[in-house]
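Engineer: Quick one, fold the following:
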Amino acid sequence: MALPVVTGAMMTCTFGAAPSTLNVLPTTRVMISKMPAANIMANIPIANIPPFGVCMSMANPMVAAATAAALGVLTPMPCIPVTAAPWVPGSPTAMLGGMPALTNSCQCMCNWGGVITFSMPGQFTTMAP
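Structural biologist: So this is what the prediction gives:
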């Protein structure tokens, strides 16, 4: 069963070096376990999705340039998430702020090829319908 995601949820990126925590602004006006709950539109880089340490994706122009300068040796560069699309798939039944609720089974794609997933939803008491 899917768990709704709240602020403080732990995320990982397939090309990131460190985990990060989701920041949820209280725009949905819904609280779960006394923390703001997220919908699928909580995908704004830096504001909602902080960096994951360093990026190791060759699709990232900074990584590609640094790797080329190092004569082909993969050179990670600081992560700056670029997430243009919302989280998918979202809850099929629960709506927050007019959009599907964000659950721990959702994924967000970074433009540099990384897949951002949740390792911990931030709360464990409320189940999504």
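
Engineer: For residue 47, give its distance to residue 110.
Structural biologist: When distance is defined by CB to CB, to the nearest Å, residue 47 is 15 Å away from residue 110. In this view, the C-beta of every residue, glycine as well, is placed from N, C-alpha and C.

Engineer: the more surrounded of those two?
Structural biologist: residue 110 (26 against 11; other CB atoms under 10 Å).

Engineer: so residue 38 makes contact with residue 3?
Structural biologist: No - assessed by CB atoms under 8 Å, residue 38 is found out of contact with residue 3, at 11.6 Å.

Engineer: if you count what's nearby, which of these two comes out ahead?
Structural biologist: Ranked by neighbour count (other CB under 10 Å), residue 38 and residue 3 place residue 38 first, with 32 against 20.

Engineer: Let me know the pLDDT of the more buried one.
Structural biologist: Here the pLDDT value assigned to residue 38 is 94.
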